[in-house]
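> One predicted model, sequence on top.
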Amino acid sequence: MEETIKLFEEDKSLAQIYKLFLEADRIFAYGTGYGQNLMLKEFYRCLLNNNIYLHIIPSKTELELVSQTITPNDLFMVASLSGNMNGIESMIKNIAVKQVPMVSVTVFSRNDLAYLADYNLYYQVSHLNKINQLNNSSFCTLNLVLSLLYEGFTNHIKSSV
């Protein structure tokens, strides 16, 4: 948890991410797994306090549809454990080619998703199963980084008024 907080606090792009939240026509979020989707739903619930509406994309089928209609005036967030894009690579690349601002939230590592994204937020996990890339502990650090993003965003709004 300490490493996740440190990574977040050292991020120099947070003000730009907050600005994107305020200026985007639509904000879409996709989680590559069940746990990531749960954490994005909690993030969505928090953002409602600031009248920010997050469209959570429930599956690959809907991601394909969104990738065809999303525009550079929107914002796209994707939460992943490994940053592996198996099965969604063409859709993510399509979104990137359209120059849609993209924020990735992944484990701190070199990964394809973070490479394609304009902005990268990272979290650490302590128990990653090397064989199947599943987190054996929990998604508390993903939840932590999204909570820090929400709190930072809320403070950004308050200081802008």
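Sure thing, it's come through.

> Every contact and neighbour count from this point should use C-alpha atoms.
Fine.

> how many other residues sit next to A114?
25 (other CA atoms under 10 Å).

> how about it, secondary structure?
Classification of A114 using DSSP: H, G, I helix; E, B strand; the rest coil returns helix.

> Identify the residues contacting it.
G83, S104, V105, T106, N120 (CA atoms under 8 Å, 6 or more residues apart in numbering).

> Hmm, F108 and the last one touching each other?
No: taking CA atoms under 8 Å as the contact criterion, N120 and F108 are not neighbours in contact, 9.3 Å apart.

> ok so, going back, save the contacts of A114 as a markdown table, and put in distance to T4 and neighbour count too.
A markdown table is the format used below for those (distance: CA to CA, whole Å; neighbours: other CA atoms under 10 Å):
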| residue | distance to T4 | neighbour count |
| --- | --- | --- |
| G83 | 16 | 21 |
| S104 | 15 | 23 |
| V105 | 11 | 26 |
| T106 | 11 | 25 |
| N120 | 13 | 23 |
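
> Throw the residues you listed into TSV and include secondary structure, thanks.
TSV is the format used below for the contacts of A114 (three-state DSSP):
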residue	secondary structure
G83	coil
S104	strand
V105	strand
T106	strand
N120	strand
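
> Which members of the residues you listed define the maximum pairwise distance?
G83 and N120 (10.7 Å; CA to CA).

> Look up the residues that both of those two are in contact with.
In contact with both G83 and N120: T106, A114, using CA under 8 Å, 6+ apart.

> Helix, strand, or coil at F28?
Classified using three-state DSSP, F28 is strand.

> Next, count neighbours for G87.
Look at G87: counted by other CA under 10 Å, it has 10 neighbours.

> please begin residue numbering at 19 from this point
Sounds good: first residue 19 from here, last item G105.

> For it, what are phi and psi?
phi 90, psi -20 (degrees, to the nearest 10).

> residues in contact with it?
By CA under 8 Å, 6+ apart, G105 has no neighbours at all.

> ok, it to L72 distance?
Remark: distance between G105 and L72 (CA to CA, to the nearest Å) = 23 Å.

> coming back round to it: by pLDDT, give me the weakest of the contacts of A132.
On pLDDT alone, G101 ranks lowest of these, at 69.

> low pLDDT regions in this structure?
101, 144-156 (pLDDT under 70).

> And the helices in it?
20-27, 32-41, 52-65, 78-87, 107-115, 130-134, 158-178 (DSSP state H).
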